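In: Provided below for reference: sequence and predicted model.
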Amino acid sequence: MQKIMLTGKIHTARLTACELDYEGSLEIDLDLLEQAGILPYEKILVVNRNNGERLETYAIPGARGSRAFCLNGPAAKRGSVGDVVTIMAFSLLTEDEAGKCCPTIIVLNEENQITLRKGKEVGKSDS
C-alpha cells in the first residue's frame, strides 16, 4: 500500500504578483522553495486564505532572495497581490516511509521572511 503524505509546506506566504499572460504555475523564490523542501516544477496545492480558492499547479523557481510569490496564467484569477496563501507539496510513500514521514514546514511573515521552521530540517538525513 502507498500513502500520499505532506512533505513540504510554505505557510502564510503573501502573493507579490499575479500575471495572467503567462503559461501557468506559481513562481516562488528559489531560496524559500529549498527551505521548504519543495523542488522546482514539483506539483503543489495552493490554498488562498483570503478567498478560499484552492488550486493545483507546479512551482516555478523565482529569483533567489526576491521573496516572490507570483500566480501565473489562469491561476492569476484565483488571487490578488497581498493575499495570504499556503503552498503544500505531497509525495507518494510506502506505508513504512509514511510512518516515518516528517514534513518540512516554513512559516512566513508579512514580508515573506521565514519566522518559524517546523518538522524535518532540509539537508538532514531521515536516520
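Out: In hand now; what should we look at? The shown structure was predicted, so the numbers you read here are calculated from the model rather than taken from an experiment. Numbering: from 1, shown residues only.

In: so what strands line up beside the longest strand seen in the chain?
Out: Looking across the chain with DSSP state E, the single longest strand is strand 2-14. Applying DSSP bridges to the sheet, strand 2-14 is found paired with strand 84-94 (antiparallel), strand 104-108 (parallel).

In: okay if I get those strands as JSON lines plus distance to residue 37 and mean pLDDT?
Out: For glycine as for every other residue, the C-beta is placed from the backbone atoms N, C-alpha and C. Below are the strands paired with strand 2-14 laid out as JSON lines (distance: least, CB to CB, whole Å; pLDDT from 0 to 100):
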{"stretch": "strand 84-94", "distance to residue 37": "7", "mean pLDDT": "97"}
{"stretch": "strand 104-108", "distance to residue 37": "4", "mean pLDDT": "98"}
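
In: Quick one: closest of those strands to residue 8.
Out: The closest of these to residue 8 is strand 84-94. By CB to CB, the value is 4.1 Å.

In: what's the first-to-last distance across stretch 66-75?
Out: The straight-line separation of the ends of stretch 66-75 (CA to CA, to the nearest Å) is 20 Å.

In: picking up where we left off before, and the contacts of the longest strand of the chain?
Out: Applying CB atoms under 8 Å, 6 or more residues apart in numbering, the contact partners of strand 2-14 are 28, 32, 36-38, 42, 49, 69, 82-95, 97-98, 101, 103-112.

In: Kindly give a single PyMOL line that selects the buried subset of those.
Out: Burial among the contacts of strand 2-14 is assessed by 16 or more other CB atoms under 10 Å; the matching PyMOL selection reads:
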select buried, resi 28+32+36+37+38+69+83+84+85+86+87+88+89+90+91+93+101+103+104+105+106+108+112
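
In: that older thread, now the strands paired with strand 2-14 in JSON lines, please, with extra columns for distance to residue 63.
Out: Shown next, in JSON lines, are the strands paired with strand 2-14 (distance: least, CB to CB, whole Å):
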{"stretch": "strand 84-94", "distance to residue 63": "17"}
{"stretch": "strand 104-108", "distance to residue 63": "17"}
